[in-house]
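Engineer: Structure of the sequence below:
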Amino acid sequence: MSEQELLPLEARQTPKGSAPSSTQVSRPSAQQTNEGGNIHIMGQSQSRFGARRNVFRTAWRRSTPRQRSQNPQNRQGTPIRIIEETGDLFNSPDRAVLIHACNCLGSWGGGIAAEFRRRYPEAHRIYQNHCSDNSLSNLIGTALLIPPSEHQGPQHWVGCVFTSKRVGRHKDTPPQIIRNTELAMTEMLRLIAEQGQGAIVGIYMCRINAGLFNVPWRETKYILQSLDVDLRGMAGDIHVIRPPNEAL
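Structural biologist: Got it, this is the predicted structure:
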């Protein structure tokens, strides 16, 4: 990433001889209702969100998660507590949000994502449409929060954090995935806080990035513990559920 890309949008320089573009591509609105009445939390407009992402990227250069966590005076949000448990993520209580790491291609084809696709086909459809409507560069480092959408079974929110553009040999590097995780999880927690305790009863996730993205769990866990988000009265507990047969 160049130094020019790290600057806020308003500080970027226009190349000589070219006129600044007046075109803005709209992203889905903060709340989008489908024909069935379900509200899909899709994020913000590209112009607002793009500026905010550049602020995050600049902050990443100025202050690392380790520096922020070691200086409590720099933290103004809700303390995050990681609670690691053994069990079945999909047995989480109704109205819990289940978070997993996603690619930006619209594919839940392997790992735990395939199980999300099988259990939550409507959520999978929403995720695919969201990926179709946005470019890879617009999606990476963002979050998608999908309300309970299935007609049968547990009523879970599904949280998608876009931590790698692609999969397999073309997936992002571990440092890129970790950086994207901080951006995406910061947005995810803000979306959850906007819904409030009445709508969401708890935050649950698998050990994100540790599967097909092949990032050591300890690195992702460290980033999660360093997040600085105001959850507006909600507890900062994140339950991380590991299957009994999954290696530590």
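
Engineer: Tell me, what's the model's pLDDT at the closest residue to V97 other than its chain neighbours?
Structural biologist: Computed as Cβ to Cβ, 6 or more residues apart in numbering, the closest residue to V97 that is not its neighbour in sequence is W157, at 3.8 Å. For glycine as for every other residue, the C-beta is placed from the backbone atoms N, C-alpha and C. Model confidence at W157, given as pLDDT, is 98.

Engineer: can you check the one 3 residues further on too?
Structural biologist: pLDDT for C160: 98.

Engineer: Determine the set of other helices and strands touching the helix or strand that contains it.
Structural biologist: Using DSSP states H and E, C160 falls within strand 157-164. Secondary-structure packing of strand 157-164 (3 or more Cβ pairs under 8 Å, 6 or more residues apart in numbering; DSSP states H and E): strand 96-103, helix 121-132, strand 143-146, helix 174-195.

Engineer: Only C-alpha atoms, please: export it in CSV.
Structural biologist: What follows is strand 157-164, C-alpha atoms only, in CSV (Å, rounded to 0.1, in the frame of the first residue of the first chain):
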residue,chain,number,x,y,z
TRP,A,157,-27.8,-13.2,13.5
VAL,A,158,-25.0,-13.9,11.1
GLY,A,159,-21.9,-11.7,11.1
CYS,A,160,-19.6,-11.7,8.2
VAL,A,161,-16.2,-10.0,8.6
PHE,A,162,-14.3,-9.6,5.2
THR,A,163,-10.7,-10.4,6.2
SER,A,164,-9.4,-11.7,2.8
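
Engineer: Adjacent strands (with direction) for that strand?
Structural biologist: Strand 157-164 has the following strand partners under DSSP bridges: strand 96-103 (parallel), strand 143-146 (antiparallel).

Engineer: how many neighbours does I83 have?
Structural biologist: For I83, the neighbour count with other Cβ atoms under 10 Å is 12.

Engineer: So what sits opposite it in the bridge?
Structural biologist: H239.

Engineer: who's in contact with it?
Structural biologist: Neighbouring residues of I83 by Cβ atoms under 8 Å, 6 or more residues apart in numbering: 237-240.

Engineer: Go again with 10 Å.
Structural biologist: I83 makes contact with 202-204, 237-241, according to Cβ atoms under 10 Å, 6 or more residues apart in numbering.
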